[in-house]
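Novice: whatever this is, show me its structure:
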Amino acid sequence: MFNNAPAENKIAYMIRNNNEVSLHIVVDDKEAVQGLPLERNAWACGDGNGSGNRKSISVEICYSLSGGDRYYKAENNAAIVEAQLMKQYNIPISKVCTHQSWSGKHCPHRMLAEARWNSFIERVQNAYNGGGNAGSIKPSNNGVGVVTIKADVLRVCTGPGTNYGIVKNVYRGERYQSWIIQNGWYNVKGGSMGIRGIREV
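Specialist: Numbering: from 1, shown residues only. All right, here's what the predicted structure looks like:
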């Protein structure tokens, strides 16, 4: 998708439109916002009922129309998100691919036009290894992103699963620093938040 909006706006648009286009995660220069549970398919790759839509996780990078500093920061943040997904789902770097590889769709258009896909893959690998310009995906004081609550109410548990105790409830529109995704749960200060409470399209 050609876009010039922050992640939260992209997800809000996805939720309210009837274009039969959806995606799992949108990344901007400040945060990553999830729009669909990762175990659901998204309609993003342009290959209909093919493996791109049915079996992959779609990540969208913001500000691809305007480019500039915001876009390149978003791109670096996307490398971190991709590395987190690789760890969470045991995905090899060879399986991180473009939408173009599924359907011929020219996406990610800016990265392809600037011939920087290989550079992006290197940044994903660096983030996966815990170093490089893409930053570390290990817990730190700064974290790796901010999650925005899209459900009316979401429970924070003591660990990554429903079998853990409940710490508190969080509510739509609230934002929390997240350090890592483990078993489909965001690690945040005070506990873990499951993705299943995010509003589905």
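
Novice: please give me every residue in contact with the residue most central in space within the chain.
Specialist: With distances taken as C-alpha atoms, centre = their mean, the residue of the chain nearest its centroid is I25 (3.4 Å). Taking C-beta atoms under 8 Å, 6 or more residues apart in numbering, we find I25 in contact with 32-35, 57-60, 81. Any C-beta I mention is one placed from the backbone N, CA and C, and that applies to glycine too.

Novice: could I get the full set of helices for the protein?
Specialist: 7-16, 51-55, 68-89, 100-103, 109-113, 117-129 (DSSP state H).

Novice: as a markdown table, the ones you listed with distance to W185, mean pLDDT and mean neighbour count would be great.
Specialist: Below are the helices of the chain laid out as a markdown table (distance: least, C-beta to C-beta, whole Å; pLDDT from 0 to 100; neighbours: other C-beta atoms under 10 Å):
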| stretch | distance to W185 | mean pLDDT | mean neighbour count |
| --- | --- | --- | --- |
| helix 7-16 | 19 | 85 | 18 |
| helix 51-55 | 22 | 84 | 16 |
| helix 68-89 | 10 | 92 | 20 |
| helix 100-103 | 28 | 84 | 18 |
| helix 109-113 | 30 | 85 | 16 |
| helix 117-129 | 19 | 91 | 18 |
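
Novice: the ones you listed into CSV, with extra columns for distance to E39?
Specialist: Formatted as CSV, these follow (distance: least, C-beta to C-beta, whole Å):
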stretch, distance to E39
helix 7-16, 17
helix 51-55, 11
helix 68-89, 10
helix 100-103, 19
helix 109-113, 27
helix 117-129, 22
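
Novice: and those helices: which comes nearest V156?
Specialist: helix 68-89 (18.8 Å; C-beta to C-beta).

Novice: right, and V33 touches R175 too?
Specialist: No - using C-beta atoms under 8 Å, V33 is not in contact with R175; the gap is 9.7 Å.

Novice: tell me, what's touching those two both at once?
Specialist: With C-beta under 8 Å, 6+ apart as the test, V33 and R175 both reach 147-148.
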